[in-house]
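Engineer: what follows is a predicted protein model with its sequence.
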Amino acid sequence: MIGTMSLTTRRELLNSVRQRYENADWIDKGRVLDGFAAATGYERKYAIRLLNTDETTTAPRKRHASQKYDEQVEC
């Protein structure tokens with residue numbers, strides 16, 4: 001279950017399983033995925049997304065600046 005495993009532990013598990021998942025063939029990927037999903041409590045599709053993304057290349061999302069209006073637009 002997710003509640004029993006800390007976020008740090010789940011991230012460590014993800015990093016250790018990611019390489020094994022990447023190098024596995026199609027049948028073994030299913031087995032690795034089943035074990036990872038069972039251990040973390042993640043849904044399979046979310047676990048696939050996590051295992052297929054490289055954490056070093058993902059950048060945090062940038063927030064857009066709030067829109068500014070001049071006095072003519074304000075009522």
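Structural biologist: Yep, that arrived. Residues are numbered from 1 along each chain as shown.
Engineer: residues of stretch 49-67 that come out buried?
Structural biologist: L50, L51 (16 or more other C-beta atoms under 10 Å). Where you see a C-beta, it was placed from the backbone N, CA and C, and this is true even at glycine.
Engineer: quick one: terminal-to-terminal distance for it?
Structural biologist: Stretch 49-67 has an end-to-end distance of 33 Å (criterion: C-alpha to C-alpha, to the nearest Å).
Engineer: next: stretch 51-62.
Structural biologist: 23 Å.
Engineer: what about it, average pLDDT?
Structural biologist: Per-residue pLDDT over stretch 51-62 has a mean of 74.
Engineer: report the distance from the helix or strand containing D34 to the chain centre.
Structural biologist: Element membership for D34, per DSSP states H and E: helix 26-40. Per C-alpha atoms, centre = their mean, to the nearest Å, the displacement of helix 26-40 from the mean C-alpha position of its chain is 15 Å.
Engineer: packing partners for it?
Structural biologist: Under the contact criterion of 3 or more C-beta pairs under 8 Å, 6 or more residues apart in numbering; DSSP states H and E, helix 26-40 touches helix 7-23, helix 44-52.
Engineer: and those helices as CSV, adding distance to V32?
Structural biologist: Converted to CSV, the helices and strands packed on helix 26-40 look like this (distance: least, C-beta to C-beta, whole Å):
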stretch, distance to V32
helix 7-23, 5
helix 44-52, 8
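Engineer: and these: which comes nearest G35?
Structural biologist: helix 7-23 (7.8 Å; C-beta to C-beta).
Engineer: can you give the contact residues for that closest one?
Structural biologist: Residues from elsewhere that reach helix 7-23 (C-beta atoms under 8 Å, 6 or more residues apart in numbering): I2, M5, K29, V32, L33, G35, F36, A39, T40, L50, L51, E55.
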